[in-house]
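S.K.: would you be able to build a 3D model of this:
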Amino acid sequence: MSAKGCVTRNDCGRHGSCGRHGSCSDDSPFSGFFKVLLALLLIALFVVLIIYLVLRPHKPRFYLQDATVRELNVSDGFLTSSLQFTVVSHNPNKRVGVLYDSVSSYASYLGQQITGQCPLPPFYQDHKDVNFLNPVLYGDAVPLATVVCEHLNYERQNGLLNLSLRIEGKIRWKVGSWTSGNYHLNVNCWAILGTGNNGIGGQVPLQPGTKCHVEV
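M.R.: I've put the predicted structure just below:
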């Protein structure tokens with residue numbers, strides 16, 4: 001057989017052909033396309049990682065500044081209450097703003113919700129900005145679990161009340177014209193309140209400026 005009719009292993013790079021037995025190989029156009037696509041994907045992920053490391057949004061901080069017990073009456077296992085809170089919200093980020101789209105608050109006692117939901121107006125919080133939230137919460141004849149009712153009466157007799165102010169909703173991060181998707185916000189502010197036997201207490205809390213627990 002003539003040497004002109006065979007393809008040696010050294011000729012593979014020049015001919016770009018593998019033959020039937022696959023003794024040599026070459027990249028197909030599809031293989032090159034996927035390599036380019038993979039490279040672009042890696043570059044995009046790298047850019048996103050760099051942006052995240054540079055911006056790295058920190059969750060907002062909340063502090064319970066004060067509260068007022070306007071009414072707190074228990075009758076036959078039903079609670080009627082009126083409470084007012086002042087909460088300080090702080091955005092600690094240097095370059096990232098926070099959009100509060102749909103946020104509401106309520107009060108709970110021993111894990112049981114004792115007031116209705118109070119919607120808070122949507123607002124935008126610029127970087128390093130501070131906002132004051134003033135929810136007024138009402139509970140109208142809310143049925144209490146037996147253990148909750150007994151514990152509440154015990155604390156009222158001793159002039160103290162441990163309440164939890166809950167703030168929940170959705171927020172978004174904003175950098176320039178870019179806005180992220182929704183993130184769930186969950187804030188828990190513990191308050192130790194002073195109250196008389198008649199359920200009326202002046203301005204609270206006994207520990208002003210208490211830092212709230214925040215989850216995003």
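S.K.: C-alpha from now on. contacts and neighbour counts both.
M.R.: Noted.
S.K.: run through the neighbouring helices and strands of the top helix by length along the chain.
M.R.: Ranked by residue count, the top helix of the chain under DSSP state H comes out as helix 29-55. Helices and strands touching helix 29-55, by 3 or more Cα pairs under 8 Å, 6 or more residues apart in numbering; DSSP states H and E: there are none.
S.K.: which regions of this protein sit below the pLDDT cut-off?
M.R.: Applying pLDDT under 70 to the chain flags residues 1-30, 50-55, 196-209.
S.K.: let me see the ranges of the helices in it.
M.R.: Counting by DSSP H, the helices of the chain are 12-15, 29-55, 146-157.
S.K.: these: which one's closest to residue 124?
M.R.: Closest to residue 124 of those, according to Cα to Cα: helix 29-55, at 18.0 Å.
S.K.: does residue 63 really touch residue 89, like I thought?
M.R.: Yes: under the criterion of Cα atoms under 8 Å, residue 63 makes contact with residue 89 at 6.6 Å.
S.K.: of those two, give the one with the bigger neighbour count.
M.R.: residue 63 (21 against 18; other Cα atoms under 10 Å).
S.K.: and that one, what does it touch?
M.R.: Residues in contact with residue 63, defined by Cα atoms under 8 Å, 6 or more residues apart in numbering, are 87-89, 189, 209-212.
S.K.: equivalent analysis for residue 165, please.
M.R.: Per Cα under 8 Å, 6+ apart, neighbours of residue 165: 105-108, 188-191.
S.K.: beta partners of it?
M.R.: residue 107, residue 189 (DSSP bridges).
S.K.: quick one: it from residue 76, how far?
M.R.: 24 Å (Cα to Cα, to the nearest Å).
S.K.: now do residue 135
M.R.: Taken as Cα to Cα, the span from residue 135 to residue 76 is 27 Å.
S.K.: neighbour count winner among those two?
M.R.: residue 135 (21 against 9).
S.K.: so that one makes contact with residue 82?
M.R.: No: using Cα under 8 Å, residue 135 is not in contact with residue 82, being 10.8 Å away.
S.K.: name the nearest residue to residue 171, sequence neighbours excluded.
M.R.: residue 100 (4.6 Å; Cα to Cα, 6 or more residues apart in numbering).
S.K.: ignore the last one, residue 103
M.R.: residue 169 (4.1 Å).
S.K.: residues touching the one you found, list them.
M.R.: 100-104, 184-186.
S.K.: burial check on the residue nearest to residue 67 when sequence neighbours are not counted, number of neighbours?
M.R.: Take residue 67 and drop its neighbours on the chain: the residue closest to it by Cα to Cα, 6+ apart is residue 85, 4.2 Å away. When neighbours are counted by other Cα under 10 Å, residue 85 registers 21.
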